[in-house]
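Trainee: structure, please.
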Amino acid sequence: MTLDIDFVRAQFPAFDMPSLAGQAFFENAGGSYTARPVVERLMRFYTERKVQPYGPYDASRLGGEEMDEARTRLSALMGIAPDELSFGPSTTQNVYVLAQAFAGWMQPGDAVVVTNQDHEANTGAWRRLAERGFELREWRMDPATGHLDPAALEDLLDEKVRLVCFPHCSNVVGEVNPVTEITALAHAAGAFVCVDGVSYAPHGIPDIGSMGCDIYMFSSYKTYGPHQGIMAIRRALGEMLPNQGHGFNGYDLSKRFTPAGPDHAQVAACAGMVDYFDALGAHHGTDAQGCHDLMRDHETALLQPVLDWARRRNDVRLLGPDQAASRAPTVALEVADPAARAEALAAHGIMTAASDFYAVRALEGMGVAPDPGVLRLSFVHYTSEDEISQLLSALDRVF
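Mentor: A predicted model of the protein is given here:
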C-alpha cells in the first residue's frame, strides 16, 4: 500500500489557494498547513459556539460537547486515558508549568537529566531548576554526528535522578531517538521520563501508551491543527505532582497543569485533527498505526534524494544521519550565508528559512555557529514527488 498523495492534498485548503500556487512548502518544522476539518470546526465554533461552554443553553452545551469530543478522540489516538491529556497555549508553556510542579515535588540534591540535542522548549525550563538548588546533568550528543548514545545516559543515572528529558527527534539533527529503550533505562534507575515529541509527531502521532514514557508533548499547529500545546502525563505521576491550576480544580488531572483557562475554540478544533487521520485511514483501509506507517514510508522515499544531494556536495554539511530510514524529514544544512540561500530559494518557489531555530545548544554542540545558523528544509507527508524535484532543481541553481 502506498499513500494516495492526491487524496491527502485534497484535505488541505492551502493547496487550493492561488496565492500559494507554484510554491513548495519546506518549512513545515515551524508549523504545518492546517487540515480542512480543523478549519471547519474552528470556523463553526467561532460563528456558532463562541460562548462560555458547558452551560444549559444549546450554543454553550454544544461548545462543551465539542471540547469533550476533542479530548476523548485525541487521547484515544494517543493511547492514553482522556484525563491524561492536557491542553495548553504552547509546548513551551506546558514545559514551564511542569517544571514548576517538579520543583515543588523534588527534594534538595535531586537531579534532572537534559540533553544538548534539545530545542530550547524542552531544556530551558528544566535547566533553570539548577538556580533553585537542583542538580542538572547533561546527556551530550556526539559532536560530529549529533547522535545521542543510550550508553552515555546510563553513566548519568543513579538514585538521585528524578527525571530524564530528551527529544523524540531534534529539530535540527533529525535522528529518531529510541524512546522505548531510553525509557526502560530511566525507569530501571527509578527516574521518570519526559519526551519532546514536537519534531516527531507531525510524521505520525505515536501510541504514547505503548512507548512507556511518563510525559509526551507536541504542538498541534505542527500536526495539522490549531495553535495548542498537547501534553500527555500519566496519571500516577500527574497525581503525585503538586497542582498548578486553580485550587478547586486540583482533583481533575486534566486541569492540574493548566494555570489559565483553555482556549475553547482551539481545543474543540483539535477534534479536526482526528477527523483528518480517520479519513486518511478509511480511505486507505487501515488503522492509526497503518496511517503512521504510510506517512513515514512516503516521507522516507522522498527524503533520501535530498540527503543524497547534500552528501554529494563539499560546500554543504548535513547535520544528522544521511539515511532516511533513521531520521525525520527535517534537514539542517550548514552552508555559507544560509539566509541568502533561503532568500534565493524563495525566488524559485521554495518556502524555507535560515535560523538557529531555537536549537542553539544543539548547533553549538555540533560546532555550528547559531548566528548565522543553518538552512533548514523540512517537509511532511503531504509533500509530493514533484515538489521534491522542484526543491532539488532549485538547490542546484542556488548552489
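
Trainee: I'd guess Leu156 is in a strand, am I close?
Mentor: No - using DSSP: H, G, I helix; E, B strand; the rest coil, the assignment for Leu156 is coil, not a strand.

Trainee: which single strand of the chain contains the most residues?
Mentor: In the chain, assigned by DSSP state E, the strand with the most residues is strand 161-167.

Trainee: now that strand, how far from the centre of its chain.
Mentor: Using CA atoms, centre = their mean, to the nearest Å, the distance from the centre of strand 161-167 to the centre of the chain it belongs to is 17 Å.

Trainee: can you name every helix or strand that it contacts?
Mentor: Packing contacts for strand 161-167, counted by 3 or more CB pairs under 8 Å, 6 or more residues apart in numbering; DSSP states H and E, involve strand 111-115, strand 135-139, helix 179-188, strand 192-196. (C-beta placed from N, C-alpha, C; glycine too.)

Trainee: just send these back as a markdown table, with distance to Pro202 too.
Mentor: Putting the helices and strands packed on strand 161-167 into a markdown table (distance: least, CB to CB, whole Å) gives the following:
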| stretch | distance to Pro202 |
| --- | --- |
| strand 111-115 | 20 |
| strand 135-139 | 24 |
| helix 179-188 | 16 |
| strand 192-196 | 13 |
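
Trainee: pick the most buried one from the ones you listed.
Mentor: The highest mean neighbour count among the helices and strands packed on strand 161-167 belongs to strand 192-196 (a mean of 26), with neighbours defined as mean count of other CB atoms under 10 Å.

Trainee: that strand - contacts with which helices or strands?
Mentor: On a contact count with 3+ CB pairs under 8 Å, 6+ apart, strand 192-196 meets helix 91-105, strand 161-167, helix 179-188, strand 215-219.

Trainee: hmm, back to that, please identify the pairing partners of the longest strand of the chain and their relative orientation?
Mentor: The partner list of strand 161-167 in its sheet, established with DSSP bridges, is strand 111-115 (parallel), strand 192-196 (parallel).

Trainee: got the angle between that strand and helix 179-188?
Mentor: Using axes from the mean of the first three to the mean of the last three CA atoms, to 10 degrees, the direction of strand 161-167 lies 170 degrees away from that of helix 179-188.

Trainee: ok and strand 161-167 relative to strand 215-219, angle-wise?
Mentor: Strand 161-167 and strand 215-219 meet at an angle of 30 degrees, taking the same axes, to 10 degrees as the criterion.

Trainee: now do strand 161-167, average pLDDT.
Mentor: The average of the pLDDT scores along strand 161-167 is 98.

Trainee: what's the span of stretch 25-34, first residue to last?
Mentor: Using CA to CA, to the nearest Å, the end-to-end distance of stretch 25-34 comes out at 13 Å.

Trainee: so for Arg128, which of the helices and strands packed on strand 192-196 sits nearest?
Mentor: Proximity of the helices and strands packed on strand 192-196 to Arg128 was assessed by CB to CB; the nearest stretch is helix 91-105, lying at 7.2 Å.

Trainee: against which helices or strands is the closest one packed?
Mentor: In terms of contacts (3+ CB pairs under 8 Å, 6+ apart), helix 91-105 is packed against strand 85-88, helix 124-127, strand 192-196, strand 215-219, strand 229-233.

Trainee: separation between the residue nearest to Gly285 when sequence neighbours are not counted and Val195?
Mentor: The shortest distance from Gly285 to any residue other than its chain neighbours is 7.9 Å, reached at Met1 (CB to CB, 6 or more residues apart in numbering). With distances defined as CB to CB, to the nearest Å, the gap from Met1 to Val195 amounts to 29 Å.

Trainee: now for whichever strand or helix holds Arg296, which elements pack on it?
Mentor: Arg296 is located in helix 288-312, with elements delineated by DSSP states H and E. Contact analysis of helix 288-312 by 3+ CB pairs under 8 Å, 6+ apart lists helix 271-284, strand 317-318, strand 330-334, helix 385-398 as its packing neighbours.

Trainee: in it, what counts as buried?
Mentor: 288, 291-292, 294-296, 298-300, 302-304, 306-307, 309-310 (16 or more other CB atoms under 10 Å).

Trainee: quick one: residues in contact with it.
Mentor: For helix 288-312, the surrounding residues in contact (CB atoms under 8 Å, 6 or more residues apart in numbering) are 1-3, 5, 77, 203-207, 277, 280-281, 284, 286, 316, 318, 321-325, 327-329, 331, 333, 377, 379-381, 383, 385, 388, 391-392, 395.

Trainee: again, 6 Å this time
Mentor: Residues lying outside helix 288-312 but in contact with it, judged by CB atoms under 6 Å, 6 or more residues apart in numbering, are 3, 77, 204, 277, 280-281, 316, 318, 322, 324-325, 329, 331, 381, 388, 392.

Trainee: what of stretch 376-396?
Mentor: Judged by CB under 6 Å, 6+ apart, the contacts made with stretch 376-396 from elsewhere in the structure are 5, 8-9, 12, 24, 26, 28-29, 32, 202, 295, 298-299, 302, 309, 329-332, 345, 348, 350, 352.

Trainee: what do you get if the cut-off is 7 Å, keeping everything else the same?
Mentor: 3, 5, 8-9, 12, 24, 26-29, 32-33, 172, 202-203, 295, 298-299, 302, 305-306, 309, 329-332, 345, 348-350, 352-353, 357 (CB atoms under 7 Å, 6 or more residues apart in numbering).
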